[in-house]
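Student: have a look; sequence and predicted model below, questions after that.
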Amino acid sequence: MNDVPRKVLPRLDESLLTHVLPFAALDDRQIRGILDQATSRRYDAGVAVFHEGMPAERFYMLLDGYVRVTRMSATGDQVTLNAEFIALYERLMSELSDDEAVYFADAVHPEYQTKPAFGWVKTGSNPAVKTTAGRGRVNIHGALNLETFDAPFVEPDTVDGASATQLLAKIEARNPDKRVIHVIWDNAAYHKGPDVRAFLARPECRIHLIQLPPYCPHLNPIERLWAVMHQHVTYNRHYPTRKQFADAILAFFRETVPRIHPQW
């Protein structure tokens with residue numbers, strides 16, 4: 001397999017990391033210092049980016065596209081983690097008992113910015129959407145049950161271990177009749193840090209965590225809920241104030257989702 005990247009791309013812009021944890025807490029000068037040490041590369045399909053067992057000398061950030069992650073099995077075969085997870089999930093659902101539930105969880109950070117999108121317009125017209133004058137975002141740490149479409153969420157100032165445990169506690173509270181609640185989410189540090197470990201260590205804890213494979217957001221169905229949220233709230237819409245924007249985001253999860261989910 002060819003390991004040589006096709007092309008080294010131009011200097012990276014600070015906006016790439018401004019809203020990405022854990023870089024969001026840094027100022028532009030600090031982010032610039034990090035990016036000045038980074039290299040952006042485009043890889044052809046089938047090219048290996050890194051190999052299992054390599055020293056952890058680099059931090060990789062995927063800017064566009066997908067990465068297929070594989071590992072070597074005990075028999076020396078190459079196993080695709082996507083397929084392995086799908087098989088695990090199908091087995092889990094086929095064996096699920098009445099006193100168990102499954103939720104997919106993740107965080108989303110809608111930005112207070114006008115988002116022009118597609119739409120029907122009259123031929124020859126010149127439609128326009130006002131732009132926002134400020135910056136900011138709303139943090140949502142949420143979960144989704146595909147069987148009942150229950151969608152609990154918390155709206156923290158910062159998405160971290162504390163918000164993760166708040167979400168898990170809300171999921172438990174909404175399922176008093178469930179003996180085990182399986183929560184499937186990604187490998188973000190705050191999803192497996194000390195706050196979450198302490199929550200799971202409680203004798204009465206009913207949460208069982210399952211980690212998604214690395215670089216596989218397409219395996220998390222809650223990503224579709226985020227997309228529907230943007231369609232209903234942010235696309236081609238202008239909010240004069242950040243509060244109005246935040247209220248619209250929260251109203252979608254509190255009111256719109258329970259009302260229209262049977263149509264999805």
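Tutor: Okay, I see it. Numbers count the residues shown, from 1 in each chain.

Student: from now on I want contacts and neighbour counts done on CA atoms only, so please keep to that.
Tutor: Noted.

Student: any idea whether A101 is helix, strand or coil?
Tutor: Three-state call for A101 (DSSP: H, G, I helix; E, B strand; the rest coil): strand.

Student: so it touches K178, yeah?
Tutor: Yes: with contact defined as CA atoms under 8 Å, A101 reaches K178; the gap is 6.7 Å.

Student: who's more crowded, the two?
Tutor: A101 (22 against 16; other CA atoms under 10 Å).

Student: neighbours around the nearest residue to that one once chain neighbours are set aside, how many?
Tutor: Leaving out its chain neighbours, the residue that sits closest to A101 by CA to CA, 6 or more residues apart in numbering is I181, at 4.8 Å. Using other CA under 10 Å, I181 has 20 other residues around it.

Student: what residue ranges in the protein score low on pLDDT?
Tutor: Per-residue confidence of the chain (counting by pLDDT under 70) places the weak regions at 1-10, 18-22, 24, 66, 71-81, 133-134, 262-264.

Student: which residue ranges of it form helices?
Tutor: Under the criterion DSSP state H, the chain contains helices at 28-35, 81-94, 161-173, 194-200, 222-233, 242-251, 257-260.

Student: out of those helices, which is closest to G124?
Tutor: Judged by CA to CA, the one of the helices of the chain that comes nearest to G124 is helix 222-233, at 24.7 Å.

Student: quick one: contacts of the closest one?
Tutor: 104-106, 108, 143-144, 217, 248-249, 252 (CA atoms under 8 Å, 6 or more residues apart in numbering).

Student: only the buried residues of that helix, if you could.
Tutor: Buried residues in helix 222-233, defined by neighbour count with 16 or more other CA atoms under 10 Å: 222-223, 225-226, 229-230, 233.

Student: export the residues you listed to CSV and tack on distance to V49?
Tutor: Converted to CSV, those look like this (distance: CA to CA, whole Å):
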residue, distance to V49
I222, 27
E223, 25
L225, 30
W226, 29
M229, 33
H230, 32
V233, 37
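
Student: of those, closest to R174?
Tutor: Checking the buried residues of helix 222-233 one by one against R174 (CA to CA), the nearest turns out to be I222, at 18.1 Å.
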